[in-house]
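Engineer: What follows is a protein structure lacking sequence information:
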């Protein structure tokens, strides 16, 4: 009846997962009870859970990403503490638990923290920057988000019910095959990643369509803000790479569930094909994350230097160059696994060449700042921290790109230090910069600067104290994923690294304090004009937070920096913009399709993990029925009358009359 | 909001409006022609697989050629891929897809051939050296 699911699945004998799981469940129940008691449930259902508004979906993505970032960070703290303790000892985590912790850390950080954060910011910002009212397929957008949330839920469910994979964040066969991983851990991984992968792919389709087909009148390709270009490149990579991941994991699933032999040792299987295919997805994946990050830095640096982005066209070219070349480098993840000299040389050189595109971007940012009047706000600090961190991290990457050097450093702590150096310095800093930068647009008040700067300095210092020692132990010969060790020279460095994580914890606390303090002081920090930073692109041309339709009248774009151009002309005309003609607008109706689909997807995933076949059929039928009901809907849109549009927009125009930067013309 | 709500997608609106009846028959004509060509190519593949007229080892090459031709027919007649200016996005998307598929397939075959060669079981290696 319940397949493989028995009471043994609950880890009653292991206090750490049991207690942490209980705490999470209690906290979730507490929040639920609070929401119901306050009577907020109808509001949440109408405005958020069933919302197809790209702004609300984007905010929910970011919230999911931040929650998962905290979960992944707790895993990181556990691993640093374990390695600090486990010298000639077992530490406090038994091996089978430690293996799950590092697997969950990687999976969660890349797929359920970084991806939702980046996609969330894309969701919120791209339609606003393009000057349009929503994405191309609003309901599909909601489905994407909820499927991603399903994946995150399944991964976290494995903490209490069953176990997670012990294979690392990429389940390499033959270890991940049924013979060596008979438990449900790898199955949790497979279904969580597959279901959220569908969501990511749908996001890719949605945003490529939006950017290619829906731009404000006059916004040609070369008038799009840089963030839209990087989002486009990132989504093209999603379209090209995620099917590879889906197919690869589907083959592993067939091996595990139906006795196929794609990657097994026997019967003609070839495990190396898995490494090859998974990295054909895996390397583009890091550019899927880091290209939008580059876009965020471009926006932040240009705004706070008070200058247009230097070398706009070369930036576009570098982005598209990286987009293509990222598909020519994947072998560098397995230089040591037996390819010959010429294969290694080709991929090594390609890997060094891809750094050229990033180098072009670095110089563009430097020249954007050169001669500018730089305001050192929190987002700008994150960007400057990124530039220094990413250059050094990138240089260790170029070192690893040299095959002979890689033979010494492959799978060592040096590699671990390298990819944290570029992902933390590149993606996490970008996300924090982006959240601070666009927060006033999303919520109508700025974030407090003092705690934001404190968070930045703690994070920057903590990052270096944590990861530079890992370079050293890597060169001293320490391999990654060690549960315990007995080499005395490593010990002091691992202790320093553990101290570094304490500094990072201080940074994380400052970040949380910043959010709470800003919320409490929101009336002082209120942004009434919609343009708190003297911005240059169209998202600053509407109110903060924007009305549901974003723009009462679609803006006419005449320049690469659409909003800056408007403000400049307004100053020349002394702000005498006349009121536009308002018309009634049609907006997409909210739909519970995404939430209901994800509910059934969760059931399907859980049932497949535990081999509960009848439940899987129930889930499939439910998901299909949801699709049919959605497809037969009669009224997809509702109308906002012209008076309502005029009322909302007039309030915004009056606030703008007092704007310090003369933005009243729009 | 659908795409045409922004007035951005003329092709999309054309589909909706339908147009005059001779336009319809012209469109039907291309579908029929495409279908006929597709059937012809399918029959040709079955014929090639069994024929003696072609040099034996050349048959896979002939089948591959027919398969590529079949893809072309589908793209042109059923997916309406043209070189018209309003079709630039589709042509670029096809080019991007072909480039990525080419890179991944060629790269994988090359890498796996190398791995197979270098990681040959010892017994097999000994046999080769004899």
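Structural biologist: Good, I have the coordinates. Everything quoted here is computed from the prediction, not taken from an experiment.
Engineer: Where does the prediction get shaky in the chain?
Structural biologist: All of this refers to chain A. Within chain A, the segments meeting pLDDT under 70 span A:571-577, A:657-666.
Engineer: Chain B, not that one
Structural biologist: For chain B, applying pLDDT under 70 flags the ranges B:1-26, B:125, B:129-130.
Engineer: In it, what residue spans correspond to helices?
Structural biologist: Counting by DSSP state H, one finds helices in chain B at the ranges B:10-17, B:21-50, B:59-73, B:88-118, B:122-129.
Engineer: Compile these into CSV and extend it with columns for mean neighbour count and distance to residue A:283.
Structural biologist: C-beta here means a position set from N, CA and C on the backbone, and glycine is covered the same way. Shown next, in CSV, are those (neighbours: other Cβ atoms under 10 Å in any protein chain shown; distance: least, Cβ to Cβ, whole Å):
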stretch, mean neighbour count, distance to residue A:283
helix B:10-17, 10, 35
helix B:21-50, 12, 36
helix B:59-73, 14, 28
helix B:88-118, 15, 11
helix B:122-129, 9, 31
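Engineer: now these as a markdown table including distance to residue A:594?
Structural biologist: Converted to a markdown table, the helices of chain B look like this (distance: least, Cβ to Cβ, whole Å):
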| stretch | distance to residue A:594 |
| --- | --- |
| helix B:10-17 | 24 |
| helix B:21-50 | 36 |
| helix B:59-73 | 34 |
| helix B:88-118 | 26 |
| helix B:122-129 | 54 |
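Engineer: Is whichever strand or helix holds residue A:254 in proximity to chain B?
Structural biologist: Using DSSP states H and E, the element containing residue A:254 is helix A:226-258. Yes: using Cβ under 8 Å from any Cβ of the partner chain, helix A:226-258 comes into contact with chain B via A:236, A:240, A:244.
Engineer: So among the residues you listed, which ones count as buried?
Structural biologist: When these are checked for burial by 16 or more other Cβ atoms under 10 Å in any protein chain shown, the buried set is A:236, A:240, A:244.
Engineer: Of the residues of helix A:226-258 next to chain B, which is the nearest to chain B?
Structural biologist: Using Cβ to the nearest Cβ, residue A:240 is the member of the residues of helix A:226-258 next to chain B that sits closest to chain B, with 4.4 Å.
Engineer: How is chain B partitioned into domains?
Structural biologist: Using automatic domain parsing, the domain parsing of chain B gives B:1-80, B:84-130.
Engineer: Could you work out which of the ones you listed reaches nearest to chain A?
Structural biologist: Smallest distance to chain A across the domains of chain B (Cβ to the nearest Cβ): 4.4 Å, for domain B:84-130.
Engineer: close to chain A, is the closest one?
Structural biologist: Yes: judged by Cβ under 8 Å from any Cβ, domain B:84-130 and chain A are in contact via B:89, B:96-97, B:99-100, B:103-104, B:107-108, B:110-112, B:114-115, B:117-119.
Engineer: picking that back up, between the helix holding residue A:254 and helix B:88-118, how many degrees?
Structural biologist: 50 degrees (axes from the mean of the first three to the mean of the last three Cα atoms, to 10 degrees).
Engineer: which helices and strands does the next helix or strand after helix A:226-258 pack with?
Structural biologist: Later in the chain than helix A:226-258, the nearest helix or strand by DSSP H and E is helix A:271-305. Counting contacts by 3 or more Cβ pairs under 8 Å, 6 or more residues apart in numbering or on different chains; DSSP states H and E, helix A:271-305 is packed against helix A:115-130, helix A:226-258, helix A:312-325, helix A:341-369, helix A:378-400, helix A:413-423, helix A:429-443, helix B:88-118.
Engineer: Of the ones you listed, flag the one that's most buried.
Structural biologist: helix A:115-130 (a mean of 28; mean count of other Cβ atoms under 10 Å in any protein chain shown).
Engineer: other SSEs contacting it?
Structural biologist: Where contact means 3+ Cβ pairs under 8 Å, 6+ apart, helix A:115-130 is packed against helix A:54-85, helix A:138-157, helix A:185-213, helix A:226-258, helix A:271-305, helix A:429-443.
Engineer: Nearest to the spatial middle of chain B, which residue is it?
Structural biologist: The centroid of chain B falls nearest to residue B:71 when counting by Cα atoms, centre = their mean (3.3 Å).
Engineer: Pretty sure residue A:290 sits against residue A:425.
Structural biologist: No: taking contacts as Cβ atoms under 8 Å, residue A:290 lies outside contact range of residue A:425: 10.0 Å.
Engineer: How about the residues of chain A by chain B?
Structural biologist: Residues of chain A that fall close to chain B, judged by Cβ under 8 Å from any Cβ: A:132-134, A:136, A:138, A:209, A:212-215, A:236, A:240, A:244, A:270, A:272-273, A:276-277, A:280, A:324, A:327-328, A:330-331, A:337-340, A:343, A:554, A:586-588, A:637.
Engineer: Report the buried members of those.
Structural biologist: Those of those that meet the buried threshold are A:132-134, A:136, A:138, A:209, A:212-215, A:236, A:240, A:244, A:270, A:272-273, A:276-277, A:280, A:324, A:327-328, A:330-331, A:337-339, A:343, A:554, A:587-588, by 16+ other Cβ under 10 Å.
Engineer: Which of the three states applies to residue A:587?
Structural biologist: Three-state call for residue A:587 (DSSP: H, G, I helix; E, B strand; the rest coil): strand.
Engineer: so who does the closest residue to chain B within the stretch 401-550 of chain A touch?
Structural biologist: Closest residue of the stretch 401-550 of chain A to chain B, Cβ to the nearest Cβ: residue A:549 (9.1 Å). By Cβ atoms under 8 Å, 6 or more residues apart in numbering or on different chains, residue A:549 lies in contact with A:133, A:585, A:587, A:640, A:645.
Engineer: so who does the third one touch?
Structural biologist: For residue A:587, the residues meeting the contact criterion (Cβ under 8 Å, 6+ apart) are A:133-134, A:548-549, A:637-638, A:640, B:1.
Engineer: Now, the residues you listed that are in strands?
Structural biologist: When the contacts of residue A:587 are checked against strands (DSSP state E), the matches are A:637-638, A:640.
Engineer: hang on, residue A:172 in a strand?
Structural biologist: No: read with three-state DSSP, residue A:172 is coil and lies in no strand.
Engineer: Tell me how far the nearest residue to residue A:390 once chain neighbours are set aside lies from residue A:418.
Structural biologist: Nearest residue to residue A:390, sequence neighbours excluded (Cβ to Cβ, 6 or more residues apart in numbering or on different chains): residue A:425, at 4.8 Å. Using Cβ to Cβ, to the nearest Å, one gets 11 Å for the distance from residue A:425 to residue A:418.
Engineer: Find the residues that touch each one of these two.
Structural biologist: Here residue A:425 and residue A:418 share the contacting residues residue A:393, scored by Cβ under 8 Å, 6+ apart.
Engineer: Phi, psi for the residue nearest to residue A:390 please.
Structural biologist: Backbone geometry at residue A:425, expressed as degrees, to the nearest 10, gives phi -60, psi -30.
Engineer: Tell me how many other residues crowd it.
Structural biologist: Neighbourhood size, residue A:425 [other Cβ atoms under 10 Å in any protein chain shown]: 27.
Engineer: What of residue A:179?
Structural biologist: Residue A:179: 13 surrounding residues under other Cβ under 10 Å.
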